[in-house]
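>>> Can you look at this prediction? I've put the sequence above it.
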Amino acid sequence: MKMTHFTIAASIAAGCASTSPRPSFEQVSKLVEDRGGKPLHWDEGTPADAQVQAHVRDLLRGTLTPEGALEIALLRNQGLVAIYEELGVAQADVVQAGLLRNPTVGARVRFPTGAGFTDTEFSVAEDFLSILTLPMRKRVAAAQLDASKARVGSAVLDLTAEVRGVFVGLQAAQATAKVRQLAFEAQQAAAELRRRQHAAGNVGDLELVQEEAFYQQSKLDLARADTQVLEQQERLNRLLGLWGEESTSWKVPDELPVLPAAEAALEHLESLAVARRLDLAAAHSEAQALEQAASAAGITRFIPALDVGVSTERDAEGTRVTGPSVTLEIPLFDQGQARAARLAAQVRQARAREAELAVNVRAEVRALRTRLLATRGVVEHYRTVLLPLRERVVQHAQLRYNAMLLGVFQLLVARREQIDAYRDYLDSVRDYWIARADLERAAGGSLTATLAQENKP
């Protein structure tokens with residue numbers, strides 16, 4: 001059978017299509033960078049991979065910064081690497097959608113019982129419907145590939161926010177452990193002093209037991225703080241994809257980052273989030289893919305399966321007969337109504353889910369923006385009001401103690417309350433940066449990048 005010009009062109013185009021997901025991966029990297037994220041790298045067995053691994057080892061030798069931790073996570077997190085493979089699956093589906101079905105070849109031989117030639121017949125047929133629907137299948141697969149790109153980009157930004165939150169959580173845990181260590185040492189000295197005073201008969205059993213209770217509580221608080229540090233370290237190791245010696249070779253600074261001088265205007269962040277959230281873009285592309293599939297089903301529903309080809313036969317007298325052949329499916333029982341109804345329901349479902357996600361995104365951004373501003377207010381109140389007040393209390397207590405108007409244990413109580421206030425301040429700073437990371441994730445990228453996008457002319 002001779003193929004039509006359309007069939008030949010489609011076959012050539014399909015043969016030239018590449019299954020490499022590299023172009024799609026580069027587009028995902030561009031999406032992430034546009035939202036303030038880091039450039040992405042996917043190991044492919046090239047010399048660049050060795051350079052990347054050497055860079056990771058260098059990062060792990062020194063004090064790890066938030067940006068360095070993020071670089072390692074984007075290179076080593078195996079869950080993210082697995083998500084990257086979704087691009088390979090979707091790209092392969094695009095290529096598959098552009099391929100024609102293989103032609104079918106038939107042969108039949110009939111042997112004469114008497115004189116005459118053997119009757120032979122050969123045929124070649126092609127599924128005509130697969131040729132007709134090829135452009136529609138390619139459009140569906142392309143929309144599904146777009147959805148995969150958006151899902152992968154969204155996963156990268158989600159990991160970015162999680163790494164930032166866990167990193168600052170570890171910094172806060174370490175700072176809290178240091179504060180707990182100071183409180184423990186002060187309480188240990190106070191308990192020892194109480195024991196000596198009790199032995200000399202200067203204080204009673206009640207004062208001794210009270211101070212011992214404070215000491216034992218501070219010991220327990222220190223143990224909990226140290227455990228929290230270890231737990232946060234392992235959370236970060238998991239996100240960074242580290243194990244073995246690498247999981248213990250790094251450290252992070254204890255000092256929490258300073259809050260920005262002021263918060264940028266965030267009035268339009270809600271609408272920007274809807275425009276920039278990649279999971280919302282993925283939901284939109286998935287709905288488009290289903291709409292394309294439903295459209296194709298509607299067009300082909302009443303077109304029966306049709307194989308068109310050519311056959312040649314030599315009969316028993318030796319005459320060669322050649323001509324076209326057609327095989328037609330008769331749609332008596334299945335007219336495609338169930339498939340069309342199913343796709344129509346899936347389209348409505350996808351549209352509803354997209355609308356629901358848009359509503360949820362707006363609500364999430366509003367809630368996180370409120371939380372960010374509230375936590376900032378708490379931090380500022382501690383920094384400008386409560387901590388200075390606690391410092392003044394200790395100063396006055398020290399003066400009264402120096403003048404022998406206040407006992408040592410009253411001075412220790414003042415210092416203990418100052419330490420507790422500072423610990424709560426550290427918790428509030430941690431909460432601010434976690435809220436900021438969550439808001440950046442909800443906004444579809446870093447706040448700096450988002451606001452810069454907003455201010456573009």
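Great, that's in hand.

>>> Kindly list the main-chain dihedrals of the residue nearest to residue 354 when sequence neighbours are not counted?
With Cβ to Cβ, 6 or more residues apart in numbering as the measure, residue 283 is the residue that lies nearest to residue 354, at 4.2 Å, once sequence neighbours are left out. Where you see a C-beta, it was placed from the backbone N, CA and C, and this is true even at glycine. Residue 283 adopts backbone torsions of phi -60, psi -40, taken as degrees, to the nearest 10.

>>> Repeat that for residue 36.
phi 90, psi 10.

>>> Run a quick check on it versus residue 446, I expect a contact.
Yes: with the criterion set as Cβ atoms under 8 Å, residue 36 and residue 446 qualify as a contacting pair; they are 3.0 Å apart.

>>> Mutual contacts of the two, please.
Common neighbours of residue 36 and residue 446, counting by Cβ atoms under 8 Å, 6 or more residues apart in numbering, are residue 440.

>>> so how many other residues sit close to the residue nearest to residue 354?
Applying other Cβ atoms under 10 Å, we find 22 residues neighbouring residue 283.

>>> List the residues that contact it.
Applying Cβ under 8 Å, 6+ apart, one finds that residue 283 lies in contact with 147, 350, 353, 354, 357.

>>> From residue 96, how far out is it?
Counting by Cβ to Cβ, to the nearest Å, the gap between residue 283 and residue 96 amounts to 24 Å.

>>> same question, residue 350
Using Cβ to Cβ, which is the criterion applied here, residue 350 is 22 Å from residue 96.

>>> How about residue 414?
Distance from residue 414 to residue 96, by Cβ to Cβ: 74 Å.

>>> Apart from its neighbours in sequence, what residue is nearest residue 284?
Counting by Cβ to Cβ, 6+ apart, residue 284 lies nearest to residue 354, which is 5.7 Å off, once chain neighbours are set aside.

>>> tell me the secondary structure for that neighbour?
Three-state assignment for residue 354 (DSSP: H, G, I helix; E, B strand; the rest coil): helix.

>>> what's the burial count for residue 333?
Burial measure for residue 333: 5 neighbouring residues, criterion other Cβ under 10 Å.

>>> Compare residue 414 and residue 96 and say which is more crowded by neighbours.
Neighbour totals were compared for residue 414 and residue 96, and residue 414 leads with 20 against 14 (other Cβ under 10 Å).

>>> so how far is whichever helix or strand residue 427 is part of off the chain centroid?
Using DSSP states H and E, residue 427 falls within helix 408-442. Between the mean C-alpha location of helix 408-442 and the chain-wide mean there is a distance of 29 Å, by Cα atoms, centre = their mean, to the nearest Å.

>>> Which parts of the protein are helices?
Under the criterion DSSP state H, helices of the chain are mapped to 5-16, 22-34, 47-61, 66-76, 78-97, 128-199, 205-240, 269-276, 278-300, 337-381, 387-402, 408-442, 447-454.

>>> Can you check which of the ones you listed gets nearest to residue 106?
Distance to residue 106, taken as Cβ to Cβ, is lowest for helix 128-199 among these, at 16.3 Å.

>>> And for stretch 214-224, what's in contact with it?
The set of residues external to stretch 214-224 that reach it, using Cβ under 8 Å, 6+ apart, is 177, 180, 181, 183, 184, 187, 188, 190, 191, 416.

>>> Can you tell me which of these is nearest residue 117?
Taking Cβ to Cβ as the measure, residue 117 sits nearest to residue 177 out of these, at 96.6 Å.

>>> Any figure for the gap between the spatially closest residue to that closest one that is not a sequence neighbour and residue 418?
Nearest residue to residue 177 in three dimensions, chain neighbours excluded: residue 225, at 4.1 Å (Cβ to Cβ, 6+ apart). Distance, residue 225 to residue 418, by Cβ to Cβ: 17 Å.

>>> Next up, the contacts around residue 424.
Taking Cβ under 8 Å, 6+ apart as the contact definition, residue 424 lies against residue 382.

>>> on that earlier part again, dump the helices of the chain into CSV; add distance to residue 324 and mean pLDDT as well.
Formatted as CSV, the helices of the chain follow (distance: least, Cβ to Cβ, whole Å; pLDDT from 0 to 100):
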stretch, distance to residue 324, mean pLDDT
helix 5-16, 15, 46
helix 22-34, 42, 90
helix 47-61, 55, 82
helix 66-76, 58, 91
helix 78-97, 28, 91
helix 128-199, 12, 89
helix 205-240, 63, 92
helix 269-276, 55, 88
helix 278-300, 22, 87
helix 337-381, 30, 92
helix 387-402, 91, 88
helix 408-442, 61, 89
helix 447-454, 60, 57
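
>>> Was I right to think residue 52 contacts residue 75?
Yes: Residue 52 sits in contact with residue 75 when judged by Cβ under 8 Å, with a separation of 6.0 Å.

>>> Return every residue with contacts to both of the two.
Taking Cβ under 8 Å, 6+ apart as the contact criterion, the common neighbours of residue 52 and residue 75 are residue 41.

>>> Between these two, point out the one with more neighbours.
When residue 52 and residue 75 are compared for neighbours, residue 75 comes out ahead with 22 against 16, by other Cβ under 10 Å.

>>> so the more buried one touches residue 38, yeah?
No: with contact defined as Cβ under 8 Å, residue 75 does not count as touching residue 38 (9.5 Å).

>>> show me what contacts residue 118?
109, 110, 111, 112, 314, 316.

>>> Report pLDDT for it.
For residue 118, the model assigns a pLDDT of 73.

>>> Now do the phi/psi pair for it.
Note on residue 118: backbone dihedrals following degrees, to the nearest 10 are phi -70, psi 130.

>>> Now do it against residue 320, distance only.
Here the criterion is Cβ to Cβ. By it, residue 118 lies 13 Å from residue 320.

>>> Give the residues shared as contacts by these two.
Common neighbours of residue 118 and residue 320, using Cβ under 8 Å, 6+ apart, are residue 314.

>>> centroid residue for the chain?
For the chain, the residue lying nearest the average C-alpha position, counting by Cα atoms, centre = their mean, turns out to be residue 155 (2.1 Å).

>>> What sits closest to residue 246 if chain neighbours are left out?
Of all residues beyond its chain neighbours, the one nearest residue 246 is residue 60 (5.7 Å), with distances taken as Cβ to Cβ, 6+ apart.
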